[in-house]
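> Below: sequence and its predicted model.
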Amino acid sequence: MEQKVDYLIVGQGIAGSILAYRLYKQNKTFVVIDSGLKNSSTYVAAGVMNPLVLKRFTLTWRAQEFIDFNRRFYREMEDFLNKKFFYELPLFKLIESEDEKSFWQHRIKKASLQDFMEEELIKAPPSIHPSANYYLGKVKQTAWLDTKVFLESFRSFLKNNNHLLEEKIDYSSIKKNNYQSIEFKNIVFCEGSAAINNPAFEKVPLRRNKGDLITIESKELETDEMLKKQAFILPIGENKFKVGATYDRDFTDKKPSEKMANELKKQLEKITKANYTVVEHESGIRPAILDRRPIMGKCENSENQYIFNGLGSRGCFMAPKLATEMVDLMEAGKNIPKEYSIERFY
C-alpha cells in the first residue's frame, strides 16, 4: 500500500525522535524508518545533561540556551507520552588535592560560571563510602534523561499511529521523491554513526567512537545525586547505578568490551569503596565530528535531502532546540549558521 508523506525520517535516535515530534506538532505527515532501538547510541547512553566541561570547568556551547529550552520541552513530552523520563538532578565533582580546590575557587569567580557552580565545597559523606579524602563541588542546572523510557515510549507512539517502518534503510532504493512504497516531499537523515555508510555524505568527515557503560547494583552506596571523577555514577533507583562512559576510537566491533568494563570498574573504585555487582554491560557507537559541532542542513546538490546528525555525547542536551532549528530551515527556509551547517564541508 503506497503512503504519501511530507517527510521520511531515517533513524529513531534522539535526533530523529525529537525531529519527528516537532514535525508532528506542525501537523506534518511523516514516516520514521528504523531497524530497532538497540542499534541507537542514544538507547545505551546514560542521558546525563551537564553544562560544564569538568576537566577545565568551561561552559559548553550555548549551555544556558539549551538548558532553558530543555526544561520546557522534556516536560511537554512527558505530558504528551504520559511517561516520566526527565529528572533535574544535581551533579557533584569529586575533588581531592589542594590544587583542585584552588582551581575550583578560581573558576567560580568567573561571572559566566556563577550560575553553574556552587562556591562552597563540602566534605564527601560516609554514605558514598569515598575511596579518598574527597570534597564535593556542586554543578548546578544538571539533569538526566532516561533514554530507554523516552525512546521506547516515543516508538510506541510511532507504531500506534502508522509512523514507523521497522527495517534497515536501503540507500539504493532512495529515489528523488520515493522510497519503495513511500512517496515523500523531503527526506531527513538522522542516522547517527550509521551515516558513515551513507553515500550522500562522503564529504563529511564523520568519525565514530564507541562508548561502554555498566550498570551496577549496590546496597551500600547511598546517593541521590550524580557523582563524577573520571567516570560518573548515576543513580537510577532500586539500588542501581549507571557507571560510564568510555571513549574508544579504535574499536573493532560493536560488542561490549571486557577491557572497557574493567576500566570502568577501576574508575568506579577510585570513587567509592562500596561493594557492588555488575548487572548489565552495554555499548553504543556515537557519531563524532572533529570540530565538535553538529551537522545540519540541506545536502549538496539536492532540493529535498537533509541531515541532522553529529550531536555526539551531548545529544540529549542539544537535540530539542536544534530540532526546532531544523524545522525552521525545512519549513520556513531559515538558514543554519555556517558554524554547524553541513555547508562548512562543501
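Cool, got the structure.
> need the contact list for S153.
Residues in contact with S153, defined by CB atoms under 8 Å, 6 or more residues apart in numbering, are L81, K83, F85. In short, each C-beta sits where N, CA and C put it, glycine included.
> if you set the cut-off to 7 Å instead, what comes out?
L81, K83 (CB atoms under 7 Å, 6 or more residues apart in numbering).
> how far away is it from M77?
9 Å (CB to CB, to the nearest Å).
> Check F232 too.
In terms of CB to CB, F232 sits 24 Å off from M77.
> These two: which has the busier surroundings?
Between F232 and M77, counted using other CB atoms under 10 Å, F232 has the larger neighbour count: 23 against 20.
> From what I see, that one and T246 are in contact.
No - counting by CB atoms under 7 Å, T246 is not a contact partner of F232; they are 11.5 Å apart.
> For the protein, which segments count as helices?
14-25, 41-44, 63-81, 98-108, 147-160, 258-271, 315-332 (DSSP state H).
> Which pLDDT value does the model give the closest residue to Q12 other than its chain neighbours?
Distance criterion CB to CB, 6 or more residues apart in numbering; nearest residue to Q12, sequence neighbours excluded, is D34 at 3.8 Å. Turning to D34, the model gives it a pLDDT of 96.
> count of neighbours near D34?
25.
> I'd say it and I9 touch.
No - taking CB under 7 Å as the definition, D34 is not a contact partner of I9, at 8.5 Å.
> hey, what's in contact with both of the two?
G16.
> about what we covered before: closest to I285 out of the helices of the chain?
With CB to CB as the measure, helix 41-44 is the member of these nearest I285 (5.6 Å).
> pLDDT averaged over that closest one - what is it?
78.
> And for stretch 208-227?
In the prediction, stretch 208-227 has an average pLDDT of 96.
> What residues sit buried inside it?
208-216, 218, 221, 223, 225-227 (16 or more other CB atoms under 10 Å).
> Run through the stretch 201-346 of the chain and note the low-pLDDT ranges.
Applying pLDDT under 70 to the stretch 201-346 of the chain flags no residue at all.
> Walking through it, point out its strands one by one.
Along the stretch 201-346 of the chain, the segments classed as strands by DSSP state E, counting those that start in this stretch run 206-217, 226-228, 232-237, 240-244, 277-289, 295-298, 305-309.
> can you list these in JSON lines and add distance to K176?
Shown next, in JSON lines, are these (distance: least, CB to CB, whole Å):
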{"stretch": "strand 206-217", "distance to K176": "24"}
{"stretch": "strand 226-228", "distance to K176": "47"}
{"stretch": "strand 232-237", "distance to K176": "45"}
{"stretch": "strand 240-244", "distance to K176": "42"}
{"stretch": "strand 277-289", "distance to K176": "26"}
{"stretch": "strand 295-298", "distance to K176": "14"}
{"stretch": "strand 305-309", "distance to K176": "9"}
